[in-house]
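Colleague: for reference, the sequence and a predicted model appear below.
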Amino acid sequence: MSHVSKKNTMLDLKYIHIGSLIEMRYKEMKISTQRTCRFLKCKKVDIEAMFVSQSLDAEVLLRWSKLLEYDFFRLYSQHLILYSPKAGRNFQSYQPEQKSALPQYRKNMYTREIIDFVLEQIDTGKKTKAQITEVYGIPKTTLYKWIAKYSPPQE
């Protein structure tokens, strides 16, 4: 289940409950139920069921993303950045010389939300710098650059 921290509404991306996140954005946008039902081609009861669902079909999630003008898929992308295993670790079956027809993305593209999440983990004492580098695979140099650049000045 996903939770939002009281401190600065940072999202815990380890456990994504997409229905509750959609409901949160839906309430922020104040879109009418009638418009939502027309756009999603469903009934009010279906919308309420989606709000309690931990996961949704990709096509439905795409429609919600368009309606609510928010990229819900990015939550999953950021989860992959933070929680997927490092490349090469226990993946003997993948052959890097094989070319894929799918687009290739760099894993080390950290968004500001990811940086803020990681720095919050350190600031609140939930994780040490060593734990951050070990658990999330973020290089020490990158982490220290983030701390220097994004952490508030100490008084």
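Modeller: Done, it's in.

Colleague: ok, now how distant is the closest residue to Val118 other than its chain neighbours from Glu23?
Modeller: Closest residue in space to Val118, ignoring its immediate chain neighbours: Ile132 at 5.8 Å, by CB to CB, 6 or more residues apart in numbering. Where C-beta positions appear, they are placed from N, C-alpha and C, glycine not excepted. Note on Ile132: its distance to Glu23, by CB to CB, to the nearest Å, is 31 Å.

Colleague: settle it for me: which of these two has more neighbours?
Modeller: Ile132 (21 against 16; other CB atoms under 10 Å).

Colleague: correct me, but the more buried one touches Thr142?
Modeller: No: judged on CB atoms under 8 Å, Ile132 makes no contact with Thr142 at a distance of 10.0 Å.

Colleague: from the rest of the structure, what touches stretch 141-150?
Modeller: By CB atoms under 8 Å, 6 or more residues apart in numbering, the surrounding residues in contact with stretch 141-150 are 110, 115-116, 118-119, 122, 129, 132-133.

Colleague: and that stretch, C-alpha only, in PDB?
Modeller: Presented in PDB, the C-alpha positions along stretch 141-150 are these (Å, rounded to 0.1, in the frame of the first residue of the first chain):
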ATOM      1  CA  THR A 141      29.700  10.500  -5.900                       C
ATOM      2  CA  THR A 142      26.200  11.100  -7.200                       C
ATOM      3  CA  LEU A 143      24.600  11.000  -3.800                       C
ATOM      4  CA  TYR A 144      27.200  13.500  -2.400                       C
ATOM      5  CA  LYS A 145      26.600  15.800  -5.300                       C
ATOM      6  CA  TRP A 146      22.800  15.700  -4.600                       C
ATOM      7  CA  ILE A 147      23.400  16.500  -0.900                       C
ATOM      8  CA  ALA A 148      25.600  19.400  -1.800                       C
ATOM      9  CA  LYS A 149      23.300  20.800  -4.500                       C
ATOM     10  CA  TYR A 150      19.800  20.100  -3.100                       C
END
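
Colleague: averaged pLDDT, it. What do you get?
Modeller: Averaged across stretch 141-150, the pLDDT comes to 88.

Colleague: what's the answer for stretch 60-80, then?
Modeller: The pLDDT scores in stretch 60-80 average 92.

Colleague: stretch 25-44 too?
Modeller: 96.

Colleague: now do the buried residues in it.
Modeller: Neighbour-count burial for stretch 25-44 flags 25-26, 36, 40 (criterion: 16 or more other CB atoms under 10 Å).
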